[in-house]
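Student: Provide a 3D model corresponding to the input given below.
(chains A and B, ligands or ions: 2)
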Amino acid sequence: MSLMNQTGSVIMMNVRSIPQRLWMSVATVVSIALVVAVLLGFLALANGFSQTLKGSGSPNVVIVLRDGSGAELNSVIGRDQIDLLAAGPGIKLGADGKPLISAELMLVVDGIKKSSGTKANMPLRGIGPNGLAVRSQVRLREGRMFAPGSNEIVVGAGLLREFAGFEMGKTIRFGAQTWRVVGVFEAPGTVFESELWADAPVVQSLFNRGTSFQTARIALTSPEAMPAYLAYIKSDPRLQLKVQSEQAYFAAQAERSGLLIKYVGWPLGLIMSVGALAGALNTMYASVASRASEIATLRVIGFSGFSAFMGTMCEALVLSALGALLGTAACSLLFNGLSASTLGAGFTQVAFRLQVGPELVGQAMVLALVIGFVGGVFPGLRAARQRPLLAL
Amino acid sequence: MSDFIKLTNVTKTYTRGKESISIFDKLTLSIPKGDFVAIMGPSGSGKTTLLNLLGGTDRCDSGEIVFDGEHIEGYSEGQLAAWRARNVGFIFQFYNLMPVLTAAQNVELPLMLTSLTSLPSQKRKDNVATALKIVDLSDRAGHKPKELSGGQQQRVAIARAIVSDPKFLLCDEPTGDLDRATANDILKTLQQLNRELGKTIIMVTHDPEAARFATRTLHLDKGQFVEVTS
Ligand SMILES: Nc1ncnc2c1ncn2[C@@H]1O[C@H](COP(=O)(O)OP(=O)(O)OP(=O)(O)O)[C@@H](O)[C@H]1O
Ligand SMILES: [Mg+2]
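Tutor: Numbering: from 1, shown residues only, chains lettered A, B, ... in the order given. Ligands and ions are numbered 1, 2, ... in the order given. Coordinates of the predicted model:
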């Protein structure tokens, strides 16, 4: 009872004395807020990115790459192999009664980013007539699909947001060729939104790719048909290909890219934390020094060293909690839902939205409180060791 | 009269680096209940050190310190803190009030420590009001220290020292920072506490005028009492 009372009053005195060290305390709060905002920004980036990639995959679509290549750009698949793929079991049939398979190739072209005005890579995908049918998430928002055999392209809504000059009806040059935008498609939360699509045979000939493809997408009748189809490909020695469900493919990509951002975000956050910690320690040592005579007086009156420790500790925790709130608020206001793009798989731009969720806020809060705790512990011990002597 | 406070053969040495400075060597002193003792002496003679030993804020190297029959020389830091909270009121030269607290909140601090905390908060408020009334500062209860004069701050400090009704008050130059008239007011208040409430008071002072308010003056020099005037 007495311990709680005395500790409570010392904590209250510490917290109320913060205005006496206003600018120092504000600097500490801001530096902790900065750590929280940066860490949270990176985590939100990673989160939004992996959410986007995860949303891209369907469980009954098979994605085929050349064996040993993890991303589409490194892969080569021949025309004869495509025919073998189309002969597998469990493939859904299109309206024309033919198997729903889309052999595709992907190239990297340049575009100008709206935000920076600089060049950046964009994926140009050549797709077959079934390209839309093997992607259930995709919907045309404006205009129409490209006509087979023409220099027409359709653009993803995400790419349209990020890059300049892809509005409906515009003409664009890639190398020697000009293309006309005839449609805009949406595929919310998927990588496709960041792509340009054109007719595969046209892309093959204009970019001198012969008859080779890089990937194939095959729609199966159901997710249950997946194991049998994968087994069929594994059993044919002519198909030295890497096959997996589109869902598994994107999940793996999400993991890799998400980790990359996490491995940048956390170390950066931690390095900044060291700076913020130094500031917090400095502020709290100053607090103990400026209140030395008060602490000694309380000790003379009979207050415990523990209450002096807790006063300092709680002051540090209050400062770090304020920093955490400020950092979270700043990050949420600035970044949450913000659309961004980053180098995705195969060094092309992937547009996605940052997602600041409760779990991430929790992680950043914990980091802030750890800074506050460590920043309070040593000055708190100094306060607790203050001797209760009359004259100082 | 029986000895209220008794020091027997108390030795106190400070070590600073390799040097050790002997402050008291076998000091003996007894103070009867209800005394108002002034302690005078040149700077460095050990007055504050003596108050620290008497008030249980420092420990002696050897000897006995008995307070109302209770041996405190062997107490741990924690035991001493609890003992101080129960038995001693401290008054400092520079008042040592908490700047963020009002006069009433400052006065209430010692009540956070004693068993009085188990009393309802209304009782606590009553004690604070009574203490402030004794020092004639009821109308300043809500003021912060920086809104009070030096004399008023020292009155708040006196109220804080007596709020938990200790039998024993220790004052280290309580008027050292005040002008003559204000100092006399404070000293009269201390005298009143001694005469009317029976508090035993030990007051260190440099000021012979202040010493006149006490019932007895001890002169300390180089760790020894050289003269006693009554
Ligand atoms: N914590 C300490 N460590 C080392 N030496 C100390 C310590 N406290 C006091 N001293 C020394 O002990 C001696 C007595 O000090 P003390 O403070 O008791 O003197 P004082 O009589 O109160 O003097 P003043 O009138 O100046 O207040 C001095 O020489 C002082 O330097
Ligand atoms: Mg002194």
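
Student: report pLDDT for residue 22.
Tutor: No chain was given, so I picked chain A. Residue A:22 carries a pLDDT value of 90.

Student: I was thinking of chain B, sorry if that wasn't clear
Tutor: Taking residue B:22 on its own, its pLDDT is 89.

Student: my guess is it is in a strand, correct?
Tutor: Yes: residue state for residue B:22 (DSSP: H, G, I helix; E, B strand; the rest coil) corresponds to a strand.

Student: thinking it is in contact with residue B:15, fair?
Tutor: No: under the criterion of C-beta atoms under 8 Å, residue B:22 makes no contact with residue B:15, lying 10.2 Å away. The way it works is simple: take the backbone N, C-alpha and C, and place the C-beta from them, glycine included.

Student: so for the two, which sits in the more crowded spot?
Tutor: residue B:22 (13 against 8; other C-beta atoms under 10 Å in any protein chain shown).

Student: give the bridge partners for the more buried one, please.
Tutor: residue B:13 (DSSP bridges).

Student: does residue B:107 touch residue B:132 like I think?
Tutor: Yes: when contacts are counted by C-beta under 8 Å, residue B:107 is listed as touching residue B:132 (6.1 Å).

Student: give the residues shared as contacts by those two.
Tutor: Counting by C-beta atoms under 8 Å, 6 or more residues apart in numbering or on different chains, the common neighbours of residue B:107 and residue B:132 are B:156, B:159.

Student: higher neighbour count, the two?
Tutor: residue B:107 (28 against 23).

Student: tell me where chain A has helices.
Tutor: A:2-16, A:22-55, A:79-86, A:157-162, A:200-206, A:226-235, A:246-290, A:292-301, A:305-335, A:358-385 (DSSP state H).

Student: out of the ones you listed, flag the one nearest residue B:76.
Tutor: For these, the distance to residue B:76 is smallest for helix A:305-335, at 12.0 Å, taking C-beta to C-beta.

Student: off-centre distance for that closest one?
Tutor: 27 Å (C-alpha atoms, centre = their mean, to the nearest Å).

Student: again, but for stretch A:156-171
Tutor: The answer for stretch A:156-171 is 23 Å, by C-alpha atoms, centre = their mean.

Student: and residue 188, what pLDDT?
Tutor: Just so you know, I chose chain A. Value for residue A:188, per-residue pLDDT: 74.

Student: wait, chain B was what I had in mind.
Tutor: 94.

Student: and it, what does it touch?
Tutor: Per C-beta under 8 Å, 6+ apart, neighbours of residue B:188: residue B:213.

Student: so it is in which element?
Tutor: For residue B:188, the element it lies in under DSSP states H and E is helix B:180-197.

Student: what residue lies at the spatial centre of chain A?
Tutor: The centre of chain A sits closest to residue A:46, judged by C-alpha atoms, centre = their mean, with a distance of 2.3 Å.

Student: how close does it sit to ligand 1?
Tutor: 56 Å (C-beta to the nearest ligand atom, to the nearest Å).

Student: for chain B, what's the nearest residue on chain A?
Tutor: Among all residues of chain A, residue A:302 sits closest to chain B, at 3.0 Å; criterion: C-beta to the nearest C-beta.

Student: what's around that residue, how many residues?
Tutor: Neighbour number of residue A:302 under other C-beta under 10 Å is 27.

Student: now do residue B:30
Tutor: Neighbours of residue B:30 (other C-beta under 10 Å): 14.

Student: looks to me like it is in a strand.
Tutor: Yes: judged by three-state DSSP, residue B:30 forms part of a strand.

Student: for it, give the beta-bridge partners.
Tutor: Applying DSSP bridges, one finds that residue B:30 bridges with residue B:6.

Student: residue B:112 against residue A:5, yeah?
Tutor: Yes: counting by C-beta under 8 Å, residue A:5 is a contact partner of residue B:112 at 4.4 Å.

Student: max-length strand in chain A?
Tutor: strand A:101-112 (DSSP state E).

Student: neighbouring strands for that strand, and are they parallel or not?
Tutor: When DSSP bridges is applied, strand A:101-112 pairs with strand A:119-127 (antiparallel), strand A:215-219 (antiparallel).

Student: for the longest one, give me every contacting residue.
Tutor: Yep, that's strand A:119-127 we're talking about. Here strand A:119-127 has contacts from A:102, A:104-113, A:153, A:159, A:163, A:174, A:194-204, A:343, A:346-349, using C-beta under 8 Å, 6+ apart.

Student: with respect to burial, which of the strands paired with strand A:101-112 scores highest?
Tutor: strand A:215-219 (a mean of 24; mean count of other C-beta atoms under 10 Å in any protein chain shown).

Student: pLDDT of that one, averaged?
Tutor: pLDDT averaged over strand A:215-219 gives 89.

Student: CA atoms only for that strand, dumped as CSV, please.
Tutor: The C-alpha trace of strand A:215-219 is given here as CSV (Å, rounded to 0.1, in the frame of the first residue of the first chain):
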residue,chain,number,x,y,z
THR,A,215,5.9,-19.4,-69.3
ALA,A,216,2.6,-21.1,-69.7
ARG,A,217,-0.5,-20.8,-67.7
ILE,A,218,-3.0,-23.6,-67.8
ALA,A,219,-6.5,-23.5,-66.2
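
Student: what's the angle from it to helix A:246-290?
Tutor: 110 degrees (axes from the mean of the first three to the mean of the last three C-alpha atoms, to 10 degrees).

Student: return the distance of strand A:215-219 from the chain's centre.
Tutor: That offset, for strand A:215-219, works out to 26 Å (C-alpha atoms, centre = their mean).

Student: got the angle for that strand vs helix A:226-235?
Tutor: Using the same axes, to 10 degrees: strand A:215-219 against helix A:226-235 is 140 degrees.

Student: wait, isn't residue B:221 in contact with residue B:43?
Tutor: No: Residue B:221 lies out of contact with residue B:43 (C-beta under 8 Å); the separation is 10.9 Å.

Student: more neighbours: those two, which one.
Tutor: residue B:221 (14 against 7).

Student: okay, and the beta partners of the more buried one?
Tutor: residue B:224.

Student: give the contact list for it.
Tutor: B:41-42, B:45.

Student: turn these into CSV, including secondary structure and distance to ligand 2.
Tutor: Listed next are the contacts of residue B:221 as CSV, based on DSSP: H, G, I helix; E, B strand; the rest coil; distance: C-beta to the ion, whole Å:
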residue, secondary structure, distance to ligand 2
B:41, coil, 9
B:42, coil, 11
B:45, coil, 9
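
Student: quick check, central residue of chain B?
Tutor: residue B:170 (1.4 Å).

Student: three-state assignment of that residue?
Tutor: strand.

Student: does it really touch residue B:92, like I thought?
Tutor: No: taking contacts as C-beta under 8 Å, residue B:170 lies outside contact range of residue B:92: 9.4 Å.

Student: what's the overlap in contacts for those two?
Tutor: residue A:390.

Student: how is chain A divided into domains?
Tutor: Following automatic domain parsing, chain A resolves into domains at A:3-54+A:253-391, A:68-239.

Student: just name the closest of the contacts of residue B:221 to ligand 1, please.
Tutor: Ranked by distance to ligand 1 (C-beta to the nearest ligand atom), those are led by residue B:45 at 4.4 Å.

Student: I'd say that closest one and residue B:222 touch.
Tutor: Yes: counting by C-beta under 8 Å, residue B:45 does reach residue B:222; the two are 6.3 Å apart.

Student: compare those two and say which is more crowded by neighbours.
Tutor: Neighbours per residue, other C-beta under 10 Å: of residue B:45 and residue B:222, the larger number sits with residue B:45, 19 against 14.

Student: list the contacts of the nearest residue to the more buried one once chain neighbours are set aside.
Tutor: Excluding its sequence neighbours, the residue lying closest to residue B:45 (C-beta to C-beta, 6 or more residues apart in numbering or on different chains) is residue B:220, at 4.7 Å. The contact partners of residue B:220, by C-beta under 8 Å, 6+ apart, come to B:39-41, B:45-47, B:50, B:226.
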